[in-house]
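S.K.: from the sequence below, what's the structure:
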Amino acid sequence: MICPGCEARITRKERVGGRCVRCGRRYALDPWSDGPGMHDVRIRRCVERATGNARLRITLTQLWYASRSSNPFSEASVPRGVRAWVRWAVALPLSAALVAGAVVARGALGTVAAWLVPVVLVLAAALRHRPGRQAFALVQPSENAFRALMHGAWATTYGGLPGGVVDERRAAGTTAARRAAEGRSGPPEVVILCTEPVVARFLRENGLPKRPHTLLVTKATDRIGGTDGPGRVREALELLAGQRAGLPVVVLHDADASGAVLAPALRAAHPGRAVVDAGLRPGTAARNPRAVRRYSAGSGYDAELLRTVAGLPEHEAARLAEGWWWPAAAVPPPVLAEAVTKAVEHAVTAPAPRPDRPGSPLSEGFLTWPEAVGQPPRGASRTPGPHHQHDRST
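M.R.: Next comes the predicted model:
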């Protein structure tokens with residue numbers, strides 16, 4: 001690894017007691033003990049990229065996604081083959097019968113019986129049982145392990161988290177409160193409805209967007225073992241019901257089942273309100289190899305409902321219904337900040353939809369993984385209202 005003090009490439013033997021033997025300075029992380037990619041220089045580079053060279057403040061969860069070493073996943077598989085006791089219970093008696101037939105029979109019949117013996121045994125061996133496997137997706141290191149490293153070894157060595165990084169699980173500081181208050185100065189021009197508390201904390205820390213706004217956040221739900229997707233949509237509808245009529249709404253959500261139906265549900269409940277779907281699109285995320293993929297068993301929705309209400313293609317609807325999702329918090333923070341700003345400006349400046357036409361064109365796809373910040377998002381598409389039945393691939 002590279003020593004953060006002298007920037008020399010040091011071997012394991014040159015790392016003794018958390019110090020570099022060349023310069024004598026301490027370091028926080030060691031990839032040998034803390035996992036691949038977990039060393040100080042790489043974490044600092046991840047912080048620089050994620051904060052846009054100190055322009056932004058990010059959360060610890062966002063840094064975890066940015067500094068992940070791998071994101072292995074596997075689709076579910078069904079059981080294949082035949083169990084061993086069944087195979088050999090059939091193959092062995094049949095082989096014995098064929099051997100006896102080859103001895104008793106004469107001529108061509110005996111030859112055929114003799115040749116069938118190895119065929120039966122080879123087939124029995126080839127049809128070995130392969131148990132079914134559940135789908136899974138991991139982020140390495142795990143979130144708990146990464147948090148332990150940052151609050152443990154890193155904080156001990158450097159006196160706290162990296163500059164510009166805040167732990168969203170802890171109370172916001174005075175800076176974040178001041179920036180959030182600046183966003184509430186004056187009458188709100190837009191409502192931001194966010195289903196991801198990590199993204200909401202990121203917006204507060206950076207005072208985004210700059211226009212006066214109201215930020216509504218649904219409660220965090222534990223996705224382990226499934227998530228209450230319909231409950232999240234109901235909560236969003238209840239939160240928006242208390243807002244002033246006519247204010248445009250920008251919706252920020254993960255690429256998951258509840259996020260897919262959220263904007264259509266809001267348009268159906270508030271036909272005269274402009275609803276901009278600025279959430280992460282499942283099609284765009286699934287096609288991007290850099291997007292972080294997660295899985296939780298079950299989504300609370302079936303594929304048919306997702307196809308009908310959200311207008312998703314069949315393969316996307318089936319994937320989301322199974323429990324696959326892509327977190328918006330894993331989007332590079334500079335890209336996320338730019339996408340939110342563009343979505344808000346679009347919502348404020350675009351004309352409000354007619355009440356008799358809930359399927360407004362105010363549904364640009366803003367949140368993607370572009371090659372570089374500043375480039376227009378690729379794969380942007382329009383999300384049709386609930387009355388549309390045509391395909392919407394992103």
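
S.K.: drop to CA atoms for contacts and neighbour counts, all remaining ones
M.R.: Noted.

S.K.: what helix or strand does Leu121 sit in?
M.R.: Per DSSP states H and E, Leu121 falls inside helix 108-126.

S.K.: helix or strand: which one has the closest residue to Ala269 other than its chain neighbours?
M.R.: In space, Ala269 comes closest to Leu237 once its chain neighbours are excluded; the distance is 7.8 Å by C-alpha to C-alpha, 6 or more residues apart in numbering. For Leu237, the enclosing helix or strand under DSSP H and E is helix 229-241.

S.K.: CA atoms of the helix or strand that comes right after that helix as CSV?
M.R.: Helices and strands here follow DSSP H and E; after helix 229-241, the next one along the chain is strand 249-252. This file holds the C-alpha atoms of strand 249-252, laid out as CSV (Å, rounded to 0.1, in the frame of the first residue of the first chain):
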residue,chain,number,x,y,z
VAL,A,249,-43.2,18.6,-6.5
VAL,A,250,-39.8,17.0,-7.2
VAL,A,251,-39.7,13.4,-6.2
LEU,A,252,-36.4,11.8,-5.3
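
S.K.: for the next helix or strand after strand 249-252, which positions count as buried?
M.R.: As assigned by DSSP H and E, the chain's next helix or strand after strand 249-252 is helix 257-269. Buried residues in helix 257-269, counted by 16 or more other C-alpha atoms under 10 Å: 257-268.

S.K.: so helix 257-269 versus helix 229-241, what angle?
M.R.: Using axes from the mean of the first three to the mean of the last three C-alpha atoms, to 10 degrees, one finds that helix 257-269 and helix 229-241 are set 40 degrees apart in direction.

S.K.: what lines up beside the next helix or strand after helix 257-269 in the sheet?
M.R.: Downstream of helix 257-269, the next assigned helix or strand under DSSP H and E is strand 275-277. In the sheet, strand 275-277 lines up against strand 249-252 (parallel) (DSSP bridges).

S.K.: how far is the partner strand from where the chain is centred?
M.R.: Distance, stretch centre to chain centre, for strand 249-252: 18 Å (C-alpha atoms, centre = their mean, to the nearest Å).

S.K.: show residues contacting that strand.
M.R.: 190-196, 263, 273-280, 343-344, 347 (C-alpha atoms under 8 Å, 6 or more residues apart in numbering).

S.K.: now do Asp30 against Gly24, distance only.
M.R.: Going from Asp30 to Gly24 by C-alpha to C-alpha, to the nearest Å gives 15 Å.

S.K.: ok, now His270?
M.R.: Distance from His270 to Gly24, by C-alpha to C-alpha: 64 Å.

S.K.: mind checking which of the two has more residues around it?
M.R.: The neighbour comparison of His270 against Gly24 (other C-alpha atoms under 10 Å) goes to His270, with 18 against 13.

S.K.: quick one on the thing from earlier: next, count neighbours for the residue nearest to Ala269.
M.R.: 17.

S.K.: test my guess that it contacts Leu266.
M.R.: Yes. Here Leu237 reaches Leu266: they are 6.7 Å apart, a contact under C-alpha atoms under 8 Å.

S.K.: ends of stretch 52-70, how far apart?
M.R.: Length of stretch 52-70, first residue to last, C-alpha to C-alpha: 22 Å.

S.K.: likewise stretch 269-287?
M.R.: Terminal residues of stretch 269-287 are spaced 32 Å apart (C-alpha to C-alpha).

S.K.: what residues of it count as buried?
M.R.: For stretch 269-287, the neighbour count (16+ other C-alpha under 10 Å) marks 270-286 as buried.

S.K.: please apply the same query to stretch 64-74.
M.R.: Buried, per 16+ other C-alpha under 10 Å, within stretch 64-74: 64-68, 71.

S.K.: how far out from the middle of the chain is it?
M.R.: Using C-alpha atoms, centre = their mean, the mean C-alpha position of stretch 64-74 is found 10 Å from that of the whole chain.

S.K.: now do stretch 327-345
M.R.: On C-alpha atoms, centre = their mean, the centre of stretch 327-345 falls 14 Å from the chain's centre.

S.K.: which residues sit against that stretch?
M.R.: By C-alpha under 8 Å, 6+ apart, stretch 327-345 touches 50-52, 56, 58, 61-62, 65-66, 190, 196, 198-199, 203, 208-210, 250, 253-255, 276, 278-280, 291-294, 364, 366-370, 373-374.

S.K.: write the ChimeraX selection for whichever of those are buried.
M.R.: Buried residues within the contacts of stretch 327-345, by 16+ other C-alpha under 10 Å, are selected in ChimeraX with:
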select :50,51,52,56,58,61,62,65,66,190,196,198,199,203,208,209,210,250,253,254,255,276,278,279,280,291,292,293,294,364,366,367,368,369,370,373
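
S.K.: what about the strands in the chain?
M.R.: Assigned by DSSP state E, the chain shows strands spanning 15-16, 19-20, 58-59, 73-74, 136-137, 165-166, 190-194, 213-217, 249-252, 275-277, 294-295, 324-325.

S.K.: please name every helix or strand in contact with the fifth one.
M.R.: Right, the one you point to is strand 136-137. strand 73-74, strand 294-295 (3 or more C-alpha pairs under 8 Å, 6 or more residues apart in numbering; DSSP states H and E).

S.K.: what packs against the last one?
M.R.: Going back to what we said before, that points to strand 294-295. strand 136-137, strand 324-325.

S.K.: out of these, which one sits most buried?
M.R.: Ranked by average neighbour count under the criterion mean count of other C-alpha atoms under 10 Å, these are headed by strand 324-325 at a mean of 26.

S.K.: now the buried residues of stretch 64-74 as TSV including distance to Ala153 and pLDDT?
M.R.: Below are the buried residues of stretch 64-74 laid out as TSV (distance: C-alpha to C-alpha, whole Å; pLDDT from 0 to 100):
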residue	distance to Ala153	pLDDT
Trp64	15	98
Tyr65	19	97
Ala66	19	97
Ser67	16	97
Arg68	17	97
Asn71	24	96
